[in-house]
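S.K.: Kindly return the folded structure for what I paste below:
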Amino acid sequence: MKNLGLLFIAVLLSIYSFSQDMSSVFQTQSATWFGLDFSEAYFIGSEGFTNPQDIKDRYFDSWNILINNEYDKYDIGKYFQKENVEFSLDNVTARNKEVNIYDRVIDDNSKMLHLDESKVQEIIASYEFKNDEQGLGIVLIVESFSKTSQMANYYVTFFDIDSKKVLLTDRMDGKASGFGIRNYWAKSYSQVFKAVPKKYNTWKNKYNK
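M.R.: A predicted model of the protein is given here:
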């Protein structure tokens, strides 16, 4: 009976600790934006990605830089309810460079939804942070760009920089549209950003204990 009591207390403490971790997502007013991580992304519908090398060499950076250059449009602080947002793209830039893009452009739509929370945690655990980077991190793990369905899927992910622990991650999707490859897919994450405030309140009501 004593052992059962100790086990019950340990479970309660674990739940409390997890709840406290989750609460930090909503209680802190500062965060670091780590960008769009394409390291596990698939690009579905080869007719829409006719120059795979250009996607990797040009557009991975372009989609990330666009958020910084047009911050009035892609206001991370507003969407995620943070007063102070720093930018740090080193980790996603390094990981994106390692992608074998010719293996990722496919015509198999079953790869649209191929990630899970454990894989997201594995990705975050691989990041290397600078000494002055701490607190809350936010990143979009890109799951897929599907030209056949004109949709993109992302894991919106909050994590603790010091421990590399994922605090909250949720799959969201956005419809692509517009002219030119950059703007076409940028529209998809713009839609995700615009949907975040409503989701944020849902997360807050569920996890901010």
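S.K.: Next, give phi and psi for the residue nearest the centre of the chain.
M.R.: Nearest to the mean C-alpha position of the chain, by C-alpha atoms, centre = their mean, lies residue 140 at 1.8 Å. Here is the backbone geometry of residue 140 (degrees, to the nearest 10): phi -100, psi 110.
S.K.: Wait, it touches residue 158, no?
M.R.: No: when contacts are counted by C-beta atoms under 8 Å, residue 140 is not listed as touching residue 158 (11.0 Å). Every residue, glycine included, has its C-beta placed from N, CA and C.
S.K.: now the strands for the protein?
M.R.: Remark: strands assigned in the chain by DSSP state E are 30-37, 42-44, 84-87, 105-106, 136-146, 151-160, 165-175.
S.K.: Deepest in the core, which of those is it.
M.R.: strand 136-146 (a mean of 25; mean count of other C-beta atoms under 10 Å).
S.K.: So what are the sheet partners of that one and their directions?
M.R.: strand 30-37 (parallel), strand 42-44 (parallel), strand 151-160 (antiparallel) (DSSP bridges).
S.K.: hey, what's the residue lying closest to residue 136 once chain neighbours are set aside bridged with?
M.R.: The shortest distance from residue 136 to any non-neighbouring residue, by C-beta to C-beta, 6 or more residues apart in numbering, is to residue 31 (4.4 Å). For residue 31, the beta-bridge partners are residue 85 (DSSP bridges).
S.K.: okay, residue 31: pLDDT?
M.R.: What the model reports for residue 31 is a pLDDT of 97.
S.K.: residues touching it, list them.
M.R.: 76, 80, 82, 84-86, 135-138 (C-beta atoms under 8 Å, 6 or more residues apart in numbering).
S.K.: Specify which member of these is nearest to residue 25.
M.R.: residue 136 (6.6 Å; C-beta to C-beta).
S.K.: Tell me if I'm right that residue 139 and residue 154 touch.
M.R.: No: using C-beta under 8 Å, residue 139 is not in contact with residue 154; the gap is 9.6 Å.
S.K.: hmm, back to that, now the strands of the chain as JSON lines including distance to residue 186?
M.R.: Below are those laid out as JSON lines (distance: least, C-beta to C-beta, whole Å):
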{"stretch": "strand 30-37", "distance to residue 186": "10"}
{"stretch": "strand 42-44", "distance to residue 186": "15"}
{"stretch": "strand 84-87", "distance to residue 186": "17"}
{"stretch": "strand 105-106", "distance to residue 186": "19"}
{"stretch": "strand 136-146", "distance to residue 186": "11"}
{"stretch": "strand 151-160", "distance to residue 186": "10"}
{"stretch": "strand 165-175", "distance to residue 186": "10"}
